[in-house]
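Undergrad: Make a model of this:
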Amino acid sequence: MNRNQINHFSVCFYTRKSKSKSNERLKIYTRITFAGVRRDMSVNLNIEPELWDSVRSKARGSSSTAIRVNSCLGDIENTLYKIYTELKQSCGSFSVEDIRSRYCGEDTTIKTFIQALEEFISYKKDLVGSVIQQSTFNKYNALAKHLRSYVPHKYGKNDIAMSKVDYAFVTGFDAYLRSVHNTGNNTTVKHIKNFGVFLKDALKKGYIKNNPVEDYEGKFKSVSRKYLRKEEIIALIQVESGIDRIQRVRDVFLFCCFTGLSFSDVKALHMDHVYQDSDGTWWPNSERKKTKNNFLLVLLPQALVILDKYTQHPLRENEGLALPVLSNQNYNLYLKELADAAGINKKLTTHMARHTFATTITLESGVSMDVVSKLLGHTSIKSTRIYAKMLPSRIGREMSQINNLDYQIK
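TA: Numbering: from 1, shown residues only. Purely as a prediction, here's the structure:
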């Protein structure tokens, strides 16, 4: 087959006699030919034999019937050529059967990259609140935004065939994120890993034949988890602001420092989740929003003092919420003001409070790694090791236990 045959596409029309002997009208069919393969299909039109011009493949004359039939045949031909053009521009490989299927509305497997991406994002959005958290969806949505801009950046058009998503696409996307958007290593790797989730879904649906992210070699780099030292926690406690929002933000941040709760967990915490056992110890009994893993956590006296401050707050009385937590955006905004008020030369973040609990509050006080893992609601102790810094003070304290070894060196 020569190159012209491979790229050749044509549409023509012909007629057949009806199988019914009582019907003398001819049935009109179209023949689609592409890459040397043809498909025939009925166009649901009939015509008198004397009106059909088999040489020109159209109705002859200017009767109303001829005009109507030729108009319909023109529309069908234009639609088929439009489908062929769309597939040629967006799909690296397609067949005459794909053209026929799309025309007949049977096309379920051929998806362009952006079509498959939008389908995936729509599916994830429907899962928010029942299967995944809004924060998880936001990560996929951010990925989609980058991919929508990457395709025209690399290919010069707004969409491509799914068949073009190969290992070169993945590594190119990695380089694009780092160079154009200046994303750090770990953020880039997270985007690629999330991209792999999308491609795994596409693979299951038959849109692609393999998942090139499986060969991706990007690795997360160890980063220093920032936390507050004891004197910095005391500085926050001593902040006395006449501004209500600063006091509320301070209290929520400190509550997280003394409980290890994440922002989403403390925002969702109700007083119904808090109970006192027979020993007089207070516990919040709930599950992590992120992992759905149940956690038990002793409420330290400092946390109880903060809860008591909001006993008569409208959100406590009307909705049963433990604390009046602001939106995540406003909370992060006011944390900067709080740091300035406390004289802390660090960028306070929602995660820093959780890191502080894992390090300064628990590990530095001698709490074991296993217990800290349970307190944080982790499903794996590997996650705890990220938070659990081996503090210099703890190293010194534990090494002091072997100062009196019975070895005499001369």
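
Undergrad: element containing the closest residue to residue 362 other than its chain neighbours?
TA: Counting by C-beta to C-beta, 6 or more residues apart in numbering, residue 362 lies nearest to residue 372, which is 5.0 Å off, once chain neighbours are set aside. Using the backbone N, CA and C atoms, a C-beta is placed for each residue, glycine as well. Element membership for residue 372, per DSSP states H and E: helix 369-375.

Undergrad: What of residue 253?
TA: helix 244-259.

Undergrad: Report the next helix or strand after that helix in sequence order.
TA: With elements assigned by DSSP H and E, the helix or strand that comes after helix 244-259 is helix 263-268.

Undergrad: for that following helix, packing partners?
TA: helix 244-259 (3 or more C-beta pairs under 8 Å, 6 or more residues apart in numbering; DSSP states H and E).

Undergrad: Which residues does the helix it packs on contact?
TA: With C-beta atoms under 8 Å, 6 or more residues apart in numbering as the test, helix 244-259 has contacts from 228, 233, 236-237, 239, 241, 261-263, 266, 284, 297, 299-300, 302-303, 306-307, 309-310, 323-326, 330-331, 334-335, 337-338, 341, 348, 350, 353-354, 356-357, 361.

Undergrad: Could you point out the longest strand of this protein?
TA: Taking DSSP state E as the criterion, the chain has its longest strand at strand 37-47.

Undergrad: quick check, distance from it to the centre of its chain.
TA: 44 Å (C-alpha atoms, centre = their mean, to the nearest Å).

Undergrad: quick one, phi psi at residue 18?
TA: The phi/psi pair for residue 18 (degrees, to the nearest 10) reads phi -70, psi 150.

Undergrad: Run a quick neighbour tally on it.
TA: Counted with other C-beta atoms under 10 Å, residues neighbouring residue 18 total 13.

Undergrad: Tell me the spacing between it and residue 47.
TA: 11 Å (C-beta to C-beta, to the nearest Å).

Undergrad: any shared contact partners between these two?
TA: Joint contacts of residue 18 and residue 47 (C-beta under 8 Å, 6+ apart) are 25-26.

Undergrad: Near residue 178, how many other residues are there?
TA: Neighbourhood size, residue 178 [other C-beta under 10 Å]: 14.

Undergrad: shift numbering so it begins at 457
TA: With the count now opening at 457, the last piece we talked about shows up as residue 634.

Undergrad: List the buried residues in stretch 772-785.
TA: Across stretch 772-785, burial judged by 16 or more other C-beta atoms under 10 Å covers 772, 777-782.

Undergrad: Give me the contacts around that stretch.
TA: Stretch 772-785 has contacts (C-beta under 8 Å, 6+ apart) with 701, 704-705, 707-708, 711, 719, 722-723, 725-730, 740, 762-763, 766, 769, 771, 787, 790, 806.

Undergrad: Check the residues you listed for burial and list the buried ones.
TA: Taking 16+ other C-beta under 10 Å as the criterion, what is buried in the contacts of stretch 772-785 is 701, 704-705, 707-708, 711, 719, 722-723, 725, 727, 730, 740, 762-763, 766, 787, 790, 806.

Undergrad: so where's this protein uncertain?
TA: 457-463, 476-479, 546-549, 563-566, 731-752, 842-864, 866 (pLDDT under 70).

Undergrad: Quick test: name the residue nearest the centre of it.
TA: Closest to where the C-alpha atoms of the chain average out (C-alpha atoms, centre = their mean) is residue 596, at 1.8 Å.

Undergrad: any idea how far residue 554 is from that one?
TA: According to C-beta to C-beta, residue 596 stands 29 Å off from residue 554.

Undergrad: and what of residue 480?
TA: 36 Å.

Undergrad: Settle it for me: which of those two has more neighbours?
TA: Comparing residue 480 with residue 554 by other C-beta under 10 Å, the one with more neighbours is residue 554, at 19 against 11.

Undergrad: counting contacts, what elements does the helix or strand that contains that one pack onto?
TA: Residue 554 belongs to helix 552-559 when assigned by DSSP H and E. Judged by 3+ C-beta pairs under 8 Å, 6+ apart, helix 552-559 is in contact with strand 482-490, strand 493-503, helix 520-546.

Undergrad: ranking those by burial, who's on top?
TA: Comparing the helices and strands packed on helix 552-559 on average neighbours per residue, with mean count of other C-beta atoms under 10 Å, the densest one is strand 482-490 at a mean of 19.

Undergrad: Report the strands that pair with that one, each with its relative direction.
TA: The pairing partners recorded for strand 482-490 under DSSP bridges are strand 465-473 (antiparallel), strand 493-503 (antiparallel).

Undergrad: Nearest spatial neighbour of residue 596, chain-adjacent residues omitted?
TA: Spatially, and ignoring its direct neighbours in sequence, residue 596 is nearest to residue 580 (5.1 Å; C-beta to C-beta, 6+ apart).
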